[in-house]
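Visitor: Mind folding the following:
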Amino acid sequence: MIVDTHCHLDDERYNDDIEEVLENARQQGVGKFIIPGADPKTLQRAVDLAEKYEGIYFAVGVHPYDAAHYERSYLEQFVNHPKCVAIGECGLDYYRLPESEEEIALEKKLQKEVFIDQILWAKELKKPLIIHVRESSADCLALLDEYAGEEGGVLHCYNADESLLKLAKKNFYYGIGGVLTFKNAKKLINVYPKIPQEKLLIETDAPYLTPQPHRGKRNEPGYTTFVAEKMSELSLLTPVEIAKLSTNNAQRLFRF
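Guide: Below you'll find the predicted structure:
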């Protein structure tokens with residue numbers, strides 16, 4: 001079995017064919033799915049999917065792009081649901097910042113405040129974190145070092161920054177997705193063997209970051225097989241061994 005530890009099945013692009021998407025995934029051996037809580041507007045959709053379909057779980061949280069809309073009081077109504085397995089997708093993203101220095105400082109301050117609150121919330125609830133890190137490795141590392149609890153979490157779509165590997169000792173895992181199959185993924189390919197095997201997870205980030213050979217199309221959980229094949233190629237393990245290894249890791253972290 002494969003666990004897709006990060007797929008946005010609450011995205012409107014699946015509204016018309018979610019049954020087919022899930023069936024295709026199951027035919028490829030995908031048995032569990034985690035929908036990260038990125039946008040509060042679609043969180044109810046994620047909960048509805050988890051309640052309707054066996055094997056679908058969800059997280060509650062707010063993506064750094066939506067930090068201005070973070071309201072923990074709204075999220076609290078979902079966090080004790082039996083299928084809520086994590087806090088996130090939360091973190092820092094400095095890829096799209098305002099132009100003026102003053103606005104940049106305010107945006108970074110807001111993102112950090114919201115991230116810290118979600119870290120502390122996860123620590124309080126004893127749930128793992130789903131972390132988004134984009135062009136913000138140093139700040140993310142500093143905040144996780146200072147505030148994260150022993151439950152750890154996953155660095156979603158691991159960005160190949162070697163400095164983040166030290167988080168493996170704090171029970172953090174590394175989400176590997178379609179980027180590993182890209183022709184320009186040389187940095188990730190070089191860093192991949194340095195990730196402890198007991199900290200590897202498979203994800204798609206569907207509908208985004210579609211792996212080869214389907215780049216340009218909508219991503220979906222069934223494409224985890226292409227990720228597993230590339231991981232196999234880089235680690236001298238068979239795809240079956242990669243599936244078993246990553247599934248065991250996911251079950252250990254998210255306590256299915």
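Visitor: Need phi/psi at residue 30.
Guide: Here is the backbone geometry of residue 30 (degrees, to the nearest 10): phi -80, psi 120.
Visitor: tell me what the helix or strand containing residue 25 is packed against?
Guide: In this structure, residue 25 sits in helix 18-27 according to DSSP states H and E. On a contact count with 3 or more CB pairs under 8 Å, 6 or more residues apart in numbering; DSSP states H and E, helix 18-27 meets no helix or strand. Quick note: C-beta positions are derived from backbone N, CA and C, even for glycine.
Visitor: following that helix, which helix or strand comes up?
Guide: strand 30-35.
Visitor: in that following strand, what's buried?
Guide: Neighbour counts over strand 30-35 (16 or more other CB atoms under 10 Å) mark 30, 32-35 as buried.
Visitor: Run me through the strand neighbours of that strand, direction for each.
Guide: In the sheet, strand 30-35 lines up against strand 2-4 (parallel), strand 56-60 (parallel) (DSSP bridges).
Visitor: Reformat these as CSV; add distance to residue 209.
Guide: Converted to CSV, those look like this (distance: least, CB to CB, whole Å):
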stretch, distance to residue 209
strand 2-4, 12
strand 56-60, 18
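Visitor: What average pLDDT does the top helix by length along the chain get?
Guide: Ranked by residue count under DSSP state H, the longest helix found in the chain is helix 101-125. In this model, helix 101-125 has a mean pLDDT of 97.
Visitor: elements contacting that helix?
Guide: Short answer (3+ CB pairs under 8 Å, 6+ apart): helix 101-125 packs on helix 72-79, strand 84-93, strand 129-134, helix 137-147.
Visitor: Just send the ones you listed back as CSV, with distance to residue 189 and mean pLDDT too.
Guide: Listed next are the helices and strands packed on helix 101-125 as CSV, based on distance: least, CB to CB, whole Å; pLDDT from 0 to 100:
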stretch, distance to residue 189, mean pLDDT
helix 72-79, 36, 96
strand 84-93, 23, 98
strand 129-134, 19, 98
helix 137-147, 18, 97
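Visitor: Nearest to residue 251, out of these?
Guide: Shortest distance between residue 251 and the helices and strands packed on helix 101-125, using CB to CB, is found for strand 84-93: 10.4 Å.
Visitor: Note down every partner strand of the closest one and its orientation.
Guide: Partners of strand 84-93, by DSSP bridges, with direction: strand 56-60 (parallel), strand 129-134 (parallel).
Visitor: and the angle for the last one with helix 101-125?
Guide: Yep, that's strand 129-134 we're talking about. Following axes from the mean of the first three to the mean of the last three CA atoms, to 10 degrees, one obtains 160 degrees for the angle between strand 129-134 and helix 101-125.
Visitor: and of the buried residues of strand 30-35, the nearest to residue 150?
Guide: The closest of the buried residues of strand 30-35, once distances to residue 150 are taken by CB to CB, is residue 34, at 20.3 Å.
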